[in-house]
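1. Got a predicted structure plus its sequence, pasted below:
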Amino acid sequence: MNLKEQVGYKAVEFVKDGMIVGLGTGSTVFYFIHAIAEKIKKGLNVKLVSTSLQSIELAKSLGLHVEDLENVSKIDLTVDGVDEIDKNFNAIKGGGAALFREKIVADISKHIVWIYDESKDVEQLGAFNLPVEILPFGHTHTIRKLACLGLNPILRYKDGKVLVTDNGNYIVDLNLNVGFDVYEVKEKLSTVVGVVEHGLFLNMCKHCIKGTKDGAIIIENNTI
Ligand code: 5RP
C-alpha cells in the first residue's frame, strides 16, 4: 500500500452508519472514495456529498450516488486532502482547483479529517503556491491588485488554456515566501474585489491522518 492509499483506507474508520459524508478532492481522497465504496457495497448506509465534479465522477464510476449539496441540511464528516499543513493545523489547499467547494463543504461539516502523506507536513507554509479562485470578469484588474499587494499572482493554465474551475472561475497561484503571515495574507485577500475564495484553511480539521513508512498516524487537534 502506498502512503496515500494507507491514509485513504484508514479514514474510512471515522465513517459511521447514517452519516452524511463529504468527499474531498485529489489523489489521496481517491483512495478514501474507493474505501467508502467498498464499505457501502458491504452494507454501510451513508449519504455522500462532494467537493468537486472530479470526485462525483469517481464516486459514480464506483456505483455510488452523490447528493446535491443543496439537498442536505448538515454534513457529519468530511475527509479531504491538503497541499501543505503546519503544526498549528493550518493548511494550504486548492492544488486540484477545488478550493471553493472544499471550503464551503468544510464550513458546514461538523467533523473534518485531513489525510495526507508525510511530504505535506511542513514547519511553515509557503513552499506550495497559495491557490486563490477569482472571477473571470475583470480578472486582469484583480490580478493587478493582487500584484500591487505584493502577493505575486500567477494565473493557472491547464493544457495551454486558462484553467476554469467547476464554478466557471479562474485560479491564481500566489508565490509567497515560506513562513508568510497567514493572517496578514488572508486579510489582504479580503480587500480584493473579484476574489471568490482562497486556499488557506486555518485550523479547521479535528483529525489528521498522516501516512508514514511506519504506518498511518492519527493526530487529534485539541484546540477545536
Ligand atoms: C484540491 C485539493 C487537494 O485536497 C489537495 O490538492 C491535495 O491533493 P492530493 O491528495 O492529490 O495531493 O485541495 O483542490
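-> Ah, there it is.

2. Now do stretch 172-192: distance to the chain's middle.
-> 17 Å (CA atoms, centre = their mean, to the nearest Å).

3. anything in that stretch near the ligand?
-> No: taking CB under 6 Å from any ligand atom as the criterion, stretch 172-192 and the ligand are apart, separated by no less than 11.7 Å. (Glycine included, C-beta is placed from N, CA and C.)

4. For the longest strand anywhere in the chain, which strands pair with it and how are they oriented?
-> Ranked by number of residues, the top strand in the chain under DSSP state E is strand 109-117. If you go by DSSP bridges, strand 109-117 pairs up with strand 75-80 (parallel), strand 207-212 (parallel).

5. Around the ligand, pick out the residues from the protein.
-> So the chain meets the ligand at 24-28, 80-83, 93-99, 102 (CB under 6 Å from any ligand atom).

6. Show me those that map onto strands.
-> When the residues of the chain next to the ligand are checked against strands (DSSP E), the matches are residue 80.

7. From what I see, residue 120 and residue 92 are in contact.
-> No: applying CB atoms under 8 Å, one finds residue 120 not in contact with residue 92, separated by 9.2 Å.

8. overlap in contacts of the two?
-> Common neighbours of residue 120 and residue 92, using CB atoms under 8 Å, 6 or more residues apart in numbering, are 82-85.

9. Next, give me the two most distant ones among those.
-> Farthest pair in the shared contacts of residue 120 and residue 92 (CB to CB) is 83 and 85. Separation: 8.4 Å.

10. intersection of neighbour lists for those two?
-> Common contacts of residue 83 and residue 85 (CB under 8 Å, 6+ apart): 91-92, 120.

11. average pLDDT across stretch 29-45?
-> The predicted model gives stretch 29-45 an average pLDDT of 98.

12. Over to stretch 65-76?
-> Mean predicted confidence for stretch 65-76 is 97.

13. for stretch 146-163, same thing?
-> On average, the pLDDT along stretch 146-163 is 98.

14. Show me the contact partners of that stretch.
-> Outside stretch 146-163, the residues that touch it by CB under 8 Å, 6+ apart are 97, 129, 131-132, 139, 143, 170-176, 185, 188-189, 191-192, 195.
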